[in-house]
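Peer 1: Sequence and predicted model, in that order:
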Amino acid sequence: MNADIAALRAGLSAAAVPGKAAPMRAYMRGQFDFLGVPTPARRKVSTPWVRALKTQTAEYCLELAEQLWRQPEREFQYAAVDLLSARAETLPAASLPRLLTLAAAKPWWDCVDGLAAWVVGTLVRRHRDLQHDMDALSGDADFWLRRVAILHQLYWKTDTDAERLFRYCAANAGDAEFFIRKAIGWALREYAYTDADAVRAFVAATPLSGLSRREALKHIARSTEDFR
């Protein structure tokens, strides 16, 4: 085992709370095993661990994240997202396919969303040509990858390509998948902090699900007509 992963495992194992692993697994619908480390304790272990890797190359960190993804317990995937988020500014454009491979492996919102907003989003923001890859991803057969496309601009604020955001949301508006409908609403709600009028106009003109509409308009001063 890689020495850095061994050190992380030792720290997480020491922080594990007996009896927490089963409830944590149940919360994730039984999809993943857990050591049983509560979030605050996990961050106490992973934050200095990530910081200690700051002199390592981007390639080393990406390889390390891939190894973490292969660990059986979910806490290691959380650590991988933390590591990649911390090093996102240094990742090359060519890392995108590998990041998407991670997003598609063991997929669930708890890791996909962090990869989308803090890792893929940061990468695409720095390498705008990659938005063409996001265009293709927005129509992917894997709804988790479509969720990545919808959410990748989540925290771009005034840098958001609104036309792209609205196009992705409109293209996926008819999907019955909960995680797509929720992503649409979340992405629109976040952009509404930057341009509430544009979001309100898009919602009024687009046949969105009730969930997407409610999420999109949640923090906008609105009239009852918004909900017709």
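Peer 2: It's in. Quick caveat: nothing in here was measured; it's all calculated off a predicted structure. Numbers count the residues shown, from 1 in each chain.
Peer 1: Flag the shaky bits of the protein, pLDDT-wise.
Peer 2: 221-228 (pLDDT under 70).
Peer 1: That one: helices as residue ranges?
Peer 2: 3-15, 21-27, 39-51, 58-69, 74-87, 96-104, 109-114, 121-126, 131-137, 143-151, 162-172, 178-192, 196-205, 210-217 (DSSP state H).
Peer 1: And the last one, what does it pack against?
Peer 2: Pointing back at helix 210-217 there. Counting contacts by 3 or more C-beta pairs under 8 Å, 6 or more residues apart in numbering; DSSP states H and E, helix 210-217 packs against helix 178-192, helix 196-205. In this view, the C-beta of every residue, glycine as well, is placed from N, C-alpha and C.
Peer 1: and it, how far from the chain's centre?
Peer 2: Mean C-alpha position of helix 210-217 versus that of the full chain (C-alpha atoms, centre = their mean, to the nearest Å) differs by 19 Å.
Peer 1: So which residue is smack in the middle of this protein?
Peer 2: The centroid of the chain falls nearest to residue 113 when counting by C-alpha atoms, centre = their mean (1.7 Å).
Peer 1: and residue 108, how many neighbours?
Peer 2: Look at residue 108: counted by other C-beta atoms under 10 Å, it has 15 neighbours.
Peer 1: okay but it is in contact with residue 30, surely?
Peer 2: No - between residue 108 and residue 30 there is no contact under C-beta atoms under 8 Å: 11.3 Å.
Peer 1: Return the most buried member of the helices of the chain.
Peer 2: helix 143-151 (a mean of 24; mean count of other C-beta atoms under 10 Å).
Peer 1: In contact with the residue nearest to the centre of the chain, which residues?
Peer 2: Under the criterion of C-beta atoms under 8 Å, 6 or more residues apart in numbering, the neighbours of residue 113 are 147, 151.
Peer 1: re earlier: in TSV, list the helices and strands packed on helix 210-217 along with distance to residue 156.
Peer 2: Supplementary listing: those in TSV, determined by distance: least, C-beta to C-beta, whole Å:
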stretch	distance to residue 156
helix 178-192	8
helix 196-205	14
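Peer 1: out of those helices, nearest to residue 64?
Peer 2: Residue 64 lies closest, by C-beta to C-beta, to one member of these: helix 178-192, at 27.6 Å.
Peer 1: neighbouring contacts of the closest one?
Peer 2: Contacts of helix 178-192 (C-beta under 8 Å, 6+ apart): 109, 143-144, 146-147, 150-151, 153-155, 160, 162, 165, 168-169, 172-173, 175, 198-200, 202-203, 208-209, 211-220.
Peer 1: and what of stretch 131-141?
Peer 2: Contacts for stretch 131-141 (C-beta under 8 Å, 6+ apart): 96, 100, 124, 145-146, 148-150, 152, 161, 164, 167-168, 171-172.
Peer 1: Over to stretch 30-50?
Peer 2: 4, 7-8, 11-13, 15-22, 24-25, 28, 72-75, 77-79, 82-83, 86, 106, 108.
Peer 1: That stretch: end-to-end distance?
Peer 2: Taking C-alpha to C-alpha, to the nearest Å, stretch 30-50 runs 28 Å from one end to the other.
Peer 1: If anything else comes up later, I'll come back, but that's it for now.
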